[in-house]
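Chemist: Starting from these lines, generate the structure:
(chains A, B and C)
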Amino acid sequence: MADIVEIEQQDNQIERRKKERRKQTRIHLQTAIVTRDNRQTIGEITVADPRIRCTDIDVFYGDKHAVRNVTLDIGRQEIIAMIGPSGCGKSTFLRCFNRMNDTIENCHVTGKIMMDGQDINDKSIDVVPLRAKVGMVFQKPNPFPKSVYENVAFGPRIHGLAKDKVELDEIVVTSLKRAGLWEEVKDRLDQPGTSLSGGQQQRLCIARAIAVNPEVILMDEPCSALDPIATTKIEELMDKLCADYSIVIVTHNMQQAARVSHRTAYFHLGDLIEVGTTEQIFTKPGHQLTEDYITGRFG
Amino acid sequence: MNKLASSRPKTIDLINASLPKRHLSEKLFRSIGLISIMMGLMFLFMLFYGIVSKGYTAFQQTFIQLEMNFDEQLLDPEGTRHRDALSTVDYSGLVKASLGKMFPDVTDRNEKRLLYSLVSTGATYQLRKMVMDKPALIGQAQQVWVPADDEVDMLIKGHVMRDVPETERRLRDVQISWLDQLEAKEKLVLKFNTAFFTNGDSREPELAGIWGALMGSIYTLIVTLILSFPMGVATAIYLEEFAPKNKWTDLIEVNINNLAAVPSIIFGLLGLAVFINFMSFPRSAPLVGGLVLAFMTLPTIIIASRGALKSVPPSIREAALGVGASAMQTVYFHVLPLAIPGILTGTIIGMARALGETAPLLMIGMVAFIVNIPSNIFDPATVLPVQIFLWADSPERAFVERTSAAIMVLLGFLFIMNALAIILRKKFERRW
Amino acid sequence: MVACFYFGRRRALVVSNGDIRKLNSLPVYYGYYTALWCGIPAFIIFAFWQFSESAIITNLVIAGLPEDVTSLSKQQLNLVINEIRNIVNGNIVAGTARPEIAAAADRYRELQTISNIALFVVMMAFGLTGAAYALSRVDQQHRARNKVENTILVFLIACSTIAIFTTLGIVLSVLFEAIRFFQSVPITDFLFGLQWSPQTAIRPGQVGASGAFGAVPLFVGTMLVSVIAMVVAVPIGLMSAIYLSEYASSRLRALSKPMLEILAGIPTVVYGFFAALTVAPFFRGWGESLGLDISSESALAAGVVMGIMIIPFVSSLSDDVIYAVPQSLRDGAYSLGATQSETIRKIVIPAALPGIVAGILLAVSRAIGETMIVVMAAGLAANLTINPLESVTTVTVQIVTLLVGDQEFDSPKTLAAFALGLMLFVVTLILNVIALYVVKKYREQYE
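Modeler: The predicted structure follows:
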């Protein structure tokens, strides 16, 4: 009888020890995560007189931690490229700048994004003027199923930017010219935007974004659906546009980042690993992961 | 470029100026949407409230307790206890005698007539059945609950108000005073209305029941199911698994999609012209009703079955064909078992629609007044929705609550069928 | 047939000498093969027998009737035959009939019994012959599976043509009777006449028996009720769909979408009851308080209730097409700073418009063909009016009134119903075909 009691006690002790061990592993894992979160980004994350200053940005999709603790400045009149393997959170991060993540259910963004002295991540900020100030071009050209003219005129119309038809015409023409599309479409402004070629459609989308006179343009892999010639045109266009706008471009194409951007940021699994001038990142990467990526060891 | 640069502050000002108006219209639009949904839901609530509030009382019925004296002199003067003799006796005399005894001061002929009309004519059938079942009752006295007339029923349930002038209601003041006396003696009570569930149709609301219509519906649905399920599934299998893509199959497809949207009454015309007029099938029979409804539900079943077959991934077919199964074996042993929950869901929904269908059945004569309970698919019958239609047309106030109650029963069946379909879908839903 | 299946399978096992791998097909297929050879000939005989039995017996019985009966006119003869059949089926108590009729009925019954026995014998003979033939064919090389499968395929193909035969049946039956109607009433009178009173005179000079078949009042009434229904259903249905697909939280959506769809599952006769007993008196009382005279069977009540019925129809079709508009278009509009309602009104709805219009066309087609609500709530008076407060009648109501009850197939009154049915079928067919085509094109555009 006594034996049985003793065995039971022993069993209990073993159970308890097992539980404790489990608890320890869990604590251990948690600390591991914390250390990763605290990892510093290598390189110059701040610039003087930034257009946008992000501090400690975290993005969650439900339980998934998509962007971890990113701090980064966007300068004026600069093109900053974000590169990294698929699913590293660069597009998600980009969508924080014009609060496009609001449209995704259960997406949750924390941290501060300062622009013109306002935290644009604050829920009380009106997204309408924000999005007018921060334009966006998407991966796949998405012209509205309307005429070329109406596509460009959409923004000015909803925002009431034109007093009359003359002003509206002027805005449309200027925007198309600045997007380098005017010569190609001036004779078919009333044709549907979807009838244009892929490259033209993407430039139409750029013209559409320019028409509301933004200050920052976000580009989410704008050339990934285009052929090389169309890509060249868009890259030339970006070069011209950066005189007036800050451009943030997400790209899979490292050559493109090297060609067009002034600064480059490398993302890896939601972490911002390294930021630097494009030249420095591509010639003297400071982090092993960056080097592995740009030398093509993974991607 | 400079011009644009200089206009930059202007742009944001313009936008900010437009904001209040736009936000207002946003709110307005949003609330219109919400109001629309609320209206939809409100209609749904009104519908159910209207029917339940009108119909729940039909599950009870007013009964009057009579002191019955099964007088041998009246029932069986010769004492033979012969069944034929017993079945032809005037049992209403018993009721009258009993009522006369309860109210001995009623002597006027007119008043007597009023008194006798308080009790349903069904009471005589009830007494006959009692005596026929148990001839030993003759010569004895017993308390019997008999159904009251529908006007009495309406008064007791409060559907007919006492304070309207006497000329505007069917019951006279004197009748109401008798009823009050009965109520005071606890000889007038509301009891559960079993007749509603076990009787066939009747001209007397207090005797009318849904059993006949329900049996008609069941027979009709059986015919529909037997015809439309195999044919629908066979068509779906052929079109989805074997048919080549050509003009002919395109034509079949257009036909199916179109038939799904043809007004149901047209199917009734088809049934009338082809089955009744040309092939001389019996009118009012569940057989013809089932045939017509089968044609009507066929497109639903075909479309649902094709959807279910389509959702089975091609890899399953390739795997089966790859080990040497014939195309037919592949479909029969591998594709069909995976698609069967979807097919059944579609079939149940089709059957639910067929159960609620009325218009085509009016065309083929299932709208007749039929008291007998149908016992096979050739008997004249009516179906539940048509019974509802018939009762809704009846002028008696008491039929309103019976109609509502019949609707509740019909909706109950539909609810069960749809719930079954949803459970089937939830349980076997597979994501590939 | 079960026995045939068993024997066929056994025979296959026998010829394989116990090693079923030597067989071309699995043993069960030999079983099916034999069973089919047994069942199909027997079934064909059965169908043929049933088809011709009644005519043959009737002729035999007529031949046996006394002279004075057979010399009667064709119509009277039919009556006699009906009487005989009624006695045979037990619908009339035999004792009440005339002796020669009763004798004929007995003869009829006798012949029926003989026929049944003969049928059984012939069926068995054919079935067994078929089975014997099939059994003789069973050997190791026999490709039973292919033959069984081909038979099944023929069955499948036959089933798939039923849709076409149904359409054909509808067109022919309706067209045939409609043509007979147009022989007595000119088609122009029907299509453009302003007077509808389908009572034909039973005796000459009867009052109000003019028998006018001008269907314009019915068309106008149908349009009126449908328009009212659409005025109710389209805004509510469309806005609900928009709210549910663009604004509502997933919880509200999960809750209210099925609730709205309950409206679509309620039988139309219930709506009819609701219209006649709740909505119509409500409008009437409301009209009285405003000093309006609303008929107790008004187009308004029928139309509004029909609209309620169609709400989920419009909303689920709109929901489908709104859902099909790619998210990238919404993103494009949002990124330009459009508010949600601007995005919906200026981008999503225009993009979805073809689909929405097609959905509304389908809804209109349903409203036109809807029967029970109008039968119970709209009334019978063929008023030529566009006043929604008055009572109107519709095409479907008239079809029902003309055909319910006893009818003979010769009177223009009955045939008029088929002419109306033809109109109804043609109009809804056109609407459906256009709508289905537009929806198909629309789907392809975004896929």
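Chemist: nearest residue to residue B:101 other than its sequence neighbours?
Modeler: Once flanking residues are discounted, residue B:101 sits nearest to residue B:67: 6.7 Å by C-beta to C-beta, 6 or more residues apart in numbering or on different chains. To be clear about C-beta, it is placed using only N, CA and C from the backbone, and glycine gets the same treatment.
Chemist: Distance of residue A:275 relative to residue A:258?
Modeler: Distance from residue A:275 to residue A:258, counting by C-beta to C-beta, to the nearest Å: 15 Å.
Chemist: What sits closest to the residue in chain B positioned nearest to chain C if chain neighbours are left out?
Modeler: As assessed by C-beta to the nearest C-beta, chain C sits closest to residue B:263 within chain B, at 2.3 Å. What sits nearest to residue B:263 in space, not counting adjacent residues and going by C-beta to C-beta, 6+ apart, is residue C:369, at 2.3 Å.
Chemist: neighbour count winner among residue A:275 and residue A:258?
Modeler: Between residue A:275 and residue A:258, counted using other C-beta atoms under 10 Å in any protein chain shown, the more crowded position is residue A:275 (27 against 18).
Chemist: The more buried one: what secondary structure?
Modeler: The local conformation at residue A:275, judged by DSSP: H, G, I helix; E, B strand; the rest coil, is strand.
Chemist: List the contacts of the closest residue to it other than its chain neighbours.
Modeler: Distances taken as C-beta to C-beta, 6+ apart place residue A:43 nearest to residue A:275, at 4.1 Å, with adjacent residues excluded. Applying C-beta atoms under 8 Å, 6 or more residues apart in numbering or on different chains, we find residue A:43 in contact with A:274-276, A:280-281, A:286.
Chemist: Using JSON lines, please lay out those together with pLDDT and distance to residue B:18.
Modeler: JSON lines is the format used below for the contacts of residue A:43 (pLDDT from 0 to 100; distance: C-beta to C-beta, whole Å):
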{"residue": "A:274", "pLDDT": "88", "distance to residue B:18": "42"}
{"residue": "A:275", "pLDDT": "89", "distance to residue B:18": "37"}
{"residue": "A:276", "pLDDT": "89", "distance to residue B:18": "41"}
{"residue": "A:280", "pLDDT": "90", "distance to residue B:18": "44"}
{"residue": "A:281", "pLDDT": "89", "distance to residue B:18": "42"}
{"residue": "A:286", "pLDDT": "84", "distance to residue B:18": "47"}
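Chemist: Residue C:147 in helix, strand or coil?
Modeler: Applying three-state DSSP: residue C:147 is helix.
Chemist: on that earlier part again, which residues does the residue nearest to residue B:263 contact?
Modeler: Listed by C-beta under 8 Å, 6+ apart, the contact partners of residue C:369 are B:262-266, C:396, C:424, C:428.
Chemist: Widest-spaced pair of the residues you listed?
Modeler: For the contacts of residue C:369, the farthest-apart pair by C-beta to C-beta is B:262 and C:396; their separation is 12.6 Å.
Chemist: the more surrounded of those two?
Modeler: residue C:396 (28 against 23).
Chemist: I'd say that one and residue B:266 touch.
Modeler: No: applying C-beta atoms under 8 Å as the test, residue C:396 and residue B:266 come out as separate, 9.6 Å apart.
Chemist: tell me, what's touching the two both at once?
Modeler: Each of C:369, C:424 lies in contact with both residue C:396 and residue B:266 under the rule C-beta under 8 Å, 6+ apart.
Chemist: hang on, isn't residue B:237 packed against residue B:336?
Modeler: Yes: applying C-beta under 8 Å as the test, residue B:237 and residue B:336 come out as touching, 7.4 Å apart.
Chemist: Quick check on these two: which one has the bigger neighbour count.
Modeler: Each of residue B:237 and residue B:336 has its neighbours counted (other C-beta under 10 Å); residue B:237 has more, 27 against 18.
Chemist: Wait, a helix at that one?
Modeler: Yes: under three-state DSSP, residue B:237 sits within a helix.
Chemist: Quick one: name whatever helix or strand follows the lowest-mean-pLDDT helix or strand in chain C.
Modeler: Least confident helix or strand, chain C: helix C:67-70 with a mean of 66, by mean pLDDT, DSSP states H and E. Downstream of helix C:67-70, the first helix or strand assigned by DSSP states H and E is helix C:74-88.
Chemist: Check which helices and strands that next one sits against.
Modeler: helix C:27-64, helix C:67-70, helix C:99-137 (3 or more C-beta pairs under 8 Å, 6 or more residues apart in numbering or on different chains; DSSP states H and E).
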